[in-house]
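*Asks:* sequence unavailable; structure follows:
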């Protein structure tokens, strides 16, 4: 249950941060300058990218197995392999201007890194006791 909470919390926290980022970028006029029907499209893109990260993070559930949870490399791969591959996909898909796609990815990866470090510390405390 702990790992499912990590996945859900990463999605919600990163989505809120991405939406705040889109709001700030639109307020400053860096994106969504035109007054068209697609002015609010970056909000949908931010949620869509975070949802793809949400789906790619289900490999965190592999940590329910003891040999993956105890091995640092396997634990890191279960947290970051598919999300990092998704970031590479976004980089190659938006070759002309990769920064907007990457900026949508940063909040999720930061939140995921925080949960990974926290989970690793918690596991170390459990093994010492």
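*Replies:* Happy to help now that I have it. All of these numbers come straight from a predicted model, not from anything done at the bench.
*Asks:* now the residue sitting nearest the centre point of the chain. Nearest residue, chain neighbours left out?
*Replies:* Centrality entry for the chain: nearest residue to the mean C-alpha point is residue 108, 2.5 Å, by C-alpha atoms, centre = their mean. Nearest non-adjacent residue to residue 108, counting by C-beta to C-beta, 6 or more residues apart in numbering: residue 14, 3.8 Å away. Quick note: C-beta positions are derived from backbone N, CA and C, even for glycine.
*Asks:* any low-confidence regions in this structure?
*Replies:* Low-confidence segments of the chain, defined by pLDDT under 70: 30, 32, 97-101, 127-129.
*Asks:* which residue is the nearest non-sequential neighbour of residue 81?
*Replies:* residue 59 (6.8 Å).
*Asks:* and the longest helix belonging to the chain, which residues are buried?
*Replies:* The single longest helix within the chain, with elements called by DSSP state H, is helix 99-128. Within helix 99-128, the residues that count as buried by 16 or more other C-beta atoms under 10 Å are 100-101, 103-105, 107-109, 111-112, 115-116, 119.
*Asks:* between these, which is nearest residue 92?
*Replies:* Distances from residue 92 to these, taken as C-beta to C-beta, are shortest for residue 101 (9.9 Å).
*Asks:* before we move on, the earlier item: show me what contacts the residue nearest to residue 81?
*Replies:* 78-79, 81-82 (C-beta atoms under 8 Å, 6 or more residues apart in numbering).
*Asks:* just the ones in strands from those residues, please.
*Replies:* With strands taken from DSSP state E, there is no overlap with those.
*Asks:* buried among the residues you listed? Need that as a selection in PyMOL.
*Replies:* The following PyMOL line selects those of the contacts of residue 59 that are buried, judged by 16+ other C-beta under 10 Å:
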select buried, resi 78+79+82
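*Asks:* nearest to residue 47, of the contacts of residue 59?
*Replies:* The nearest one, if we look at the contacts of residue 59 relative to residue 47 and count by C-beta to C-beta, is residue 82, at 18.7 Å.
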